[in-house]
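Q: the sequence and its predicted three-dimensional model are supplied below.
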Amino acid sequence: MNEAAWNEVKAEMANVKTIKEMFAEDPQRAERFTLEAAGWTLDYSKNRITPALMKKLYKLAEASNLREEIEKMFTGAKINETEGRAVLHTALRNCDPDAKVLVDGRDVMPDVRAVLAKMGDFSDSVRKGAWRGFTGKRIKNVVNIGIGGSDLGPVMANIALTPYSKRNMKFFFVSNVDSTHLAETLRSVKAAETLFIIASKTFTTQETMSNAEAAREWLVKELGDKSAVAKHFVAVSTAAKEVAEFGIDTANMFGFWDWVGGRYSLPSAIGLSLMIAIGRSNYAKLLKGYWKMDKHFRTAKFERNIPVNLALLGILYANGYGAETYCCLPYDQYLSRFPAYLQQMDMESNGKGVTKDGKPVTYSTGPIEWGEPGTNGQHSFYQLIHQGTHLIPCDFIGCCRTHNPIGDLHDKLMANLFAQTEALAFGKTAEQCRAEGVPEKLVPFKTFEGNRPTNTLLCDQLTPETLGALVAMYEHKVFVQGVIWNVFSFDQWGVQLGKVLAKGVLKDLVAAKPELKHDSSTNQLILRYRKAVGR
Ligand code: G6Q
């Protein structure tokens, strides 16, 4: 992180008053700190900021060469240096028919458009019933088998876009190598009516391949013929050889490329299950939403740029105010998996402890992200946010119009959202408590200090377009923070480690005579397990 620019930010923090005081002094505050882009409004006025402090934060962004770094990403420079790859999820949703994006001198856009067209034709034929199963039955169930980046995006978006989903089809997502996940899914479907999408960038991930093999075995047994696999299994992958070895015709493979990171892959072929659910034209609207936010991020001045401002506020809290976490609170049941999706996007990207030149960082990087939909969270963990000892900046996300109007439920939902941000910012003084007749001995417990920061993000309605824009907004926020923290946001060596570690232990669990060379605790756990399962 640029030390000189950061020191200026820190010095300016001394001039920040409480949120309550700053609102009282500036009648224009809400207007001053509100931004609009791609169908979203961000009100960031309830933060511990002044215009002067924001200026210092923009200076920090400039000093980190943010503008140049953004261009590098959009134009295919190999910014994922530890893996030697470009980072081009933005090309996947570039809706400009004349766009050219070069990687190693080759335009990737014709391939992007060809895969999208192939996905569109395939999803049309499944939705219309033209693609039939082995016995001639229509496909009624789609089971996506994938994990991490090949699961969380499709799961989140399938729930988010339920109002647009084909209601006479069912969609399942199997990720965990815990056999319960697959077994419970298979209990809910009939083989003759089920399509399996094996979603894996590498087609080598232990969990996914184990589940895929088990699903294939189940299907062959149920339908009594090996050749049934061709009508019930398709693949989404970058690895054609491995797909063919598994027994899936590569004509039924939907490709993507090494420049698409797993956690950024929802708008790639990894979104196939979603496209089947919502149809190709709604999927196109999702991509359009992403694209609108991409253009905003790439072109808007930092002062007017939503992802840049979200990122700078996050840095202010993480590095300036010592916040270790932040909370994502969508007041929309359709966004119930959005915090989990964001968790991977943010924590896998910026959970890094060394700078780009390989030296240990001397400041906090990626914060811990967590959250649940409102109002449910209000009845569990909000207590700690209001009165606990930790500072937890929160993003409240709301949609003005519901897809499911029932009486005044939506008004109540939104009233709760707005009331929470108000209470967190302004609190309740001891005097207010006393004026309300609170007995003196209870006053300390019923007093809220306030000054707890929140962002409020509002859209008109949750649609494919606003969802795309929301995801892109957070992707770019995470990118900006990685640039300022000077860490590589697009590798994930910790995940790779996990993929290797379990293999060694598995050998010791199943070997006839294991030679246990772990620490005494791990050895003991392995022996206990072997005994329990009779080995
Ligand atoms: C994402 C991570 C990780 C990855 C999964 C699945 O950015 O790299 O979550 O998506 O491990 O990998 P495959 O798609 O290769 O099976």
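A: Yes, it's here. Residues are numbered from 1 along each chain as shown.

Q: what does the protein have sitting close to the ligand?
A: Contacts of the chain with the ligand, taken as CB under 6 Å from any ligand atom, map to 147-150, 200-202, 205, 208, 261-263, 348, 492, 495. C-beta: built from backbone N, CA, C; applies to glycine.

Q: which of these count as buried?
A: By neighbour count, with 16 or more other CB atoms under 10 Å, the residues of the chain next to the ligand hold 147-150, 200-201, 205, 208, 261-263, 348, 492 as buried.

Q: among those, which ones are in helices?
A: Mapping those onto helices (DSSP state H) picks out 208, 348.

Q: and stretch 281-301, what's buried?
A: Buried, per 16+ other CB under 10 Å, within stretch 281-301: 282-297, 300.

Q: ok so, going back, and which of the residues of the chain next to the ligand is nearest Gly39?
A: Checking the residues of the chain next to the ligand against Gly39 by CB to CB gives Arg263 as the nearest, at 23.0 Å.

Q: can you tell me which residues contact the nearest residue to that closest one once chain neighbours are set aside?
A: Closest residue to Arg263 apart from its sequence neighbours, by CB to CB, 6 or more residues apart in numbering: Gly149 at 4.3 Å. Listed by CB atoms under 8 Å, 6 or more residues apart in numbering, the contact set of Gly149 reads 201, 261-265, 270, 344.

Q: quick revisit: let's see which of the buried residues of stretch 281-301 end up in helices.
A: Short answer: the buried residues of stretch 281-301 in helices (DSSP H) are 282-297.

Q: quick check, nearest of those to the ligand?
A: Tyr290 (17.2 Å; CB to the nearest ligand atom).

Q: any idea how far the closest one lies from Met473?
A: Tyr290 is 10 Å from Met473, where distance means CB to CB, to the nearest Å.

Q: repeat for Arg535
A: Counting by CB to CB, the gap from Arg535 to Met473 is 51 Å.

Q: higher neighbour count, these two?
A: Legend: neighbour count by other CB atoms under 10 Å for Arg535 and Met473, higher for Met473 (24 against 13).

Q: on the pLDDT front, check that one for me.
A: pLDDT recorded at Met473 is 99.

Q: OK, contacts around it?
A: By CB under 8 Å, 6+ apart, the residues touching Met473 are 37-38, 40, 293, 297, 306-307, 310, 457.

Q: farthest pair in those?
A: Spatially, the most separated pair among the contacts of Met473 is Phe297 and Leu457, at 14.9 Å (CB to CB).

Q: buried sites along stretch 228-235?
A: Neighbour-count burial for stretch 228-235, counted by 16+ other CB under 10 Å, picks out 228-229, 231-235.

Q: ok, stretch 415-425 next?
A: For stretch 415-425, burial by neighbour count (16+ other CB under 10 Å) applies to 417, 420-421, 423-425.

Q: need the per-residue pLDDT for the nearest residue to Ile526 once chain neighbours are set aside.
A: Excluding its sequence neighbours, the residue lying closest to Ile526 (CB to CB, 6+ apart) is Asp508, at 5.3 Å. For Asp508, the model assigns a pLDDT of 95.

Q: for Asp508, pull up the helix or strand it's in.
A: For Asp508, the element it lies in under DSSP states H and E is helix 493-510.

Q: now that helix: how far from the chain's centre is it?
A: Helix 493-510 sits 25 Å away from the centroid of its parent chain (CA atoms, centre = their mean, to the nearest Å).

Q: average pLDDT for stretch 403-411, rounded please.
A: Stretch 403-411 shows a mean pLDDT of 98.

Q: any idea how far apart the tips of that stretch sit?
A: End-to-end span of stretch 403-411 (CA to CA, to the nearest Å): 13 Å.

Q: again, but for stretch 484-493
A: Length of stretch 484-493, first residue to last, CA to CA: 20 Å.

Q: which residues touch the residue in the stretch 51-200 of the chain that the ligand sits nearest to?
A: Per CB to the nearest ligand atom, Gly148 is where the stretch 51-200 of the chain lies closest to the ligand, at 2.1 Å. Gly148 makes contact with 175, 205, 262-263, 344, 495, according to CB under 8 Å, 6+ apart.

Q: would you mind writing the CA trace of the helix or strand harbouring Ile198 as CSV?
A: Here Ile198, judged by DSSP H and E, is contained in strand 194-199. Extracted in CSV, the C-alpha atoms of strand 194-199 (Å, rounded to 0.1, in the frame of the first residue of the first chain):
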residue,chain,number,x,y,z
THR,A,194,-32.4,-36.0,-15.4
LEU,A,195,-29.5,-34.1,-17.0
PHE,A,196,-26.2,-33.9,-15.2
ILE,A,197,-23.9,-30.9,-15.9
ILE,A,198,-20.4,-31.7,-14.8
ALA,A,199,-18.9,-28.2,-14.1
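
Q: paired strands for it, with orientation please.
A: Applying DSSP bridges, strand 194-199 is found paired with strand 141-145 (parallel), strand 233-237 (parallel).

Q: re the thing from before, out of the buried residues of stretch 228-235, the closest to the ligand would be?
A: Nearest member of those to the ligand, counting by CB to the nearest ligand atom, is Ala235, at 11.0 Å.
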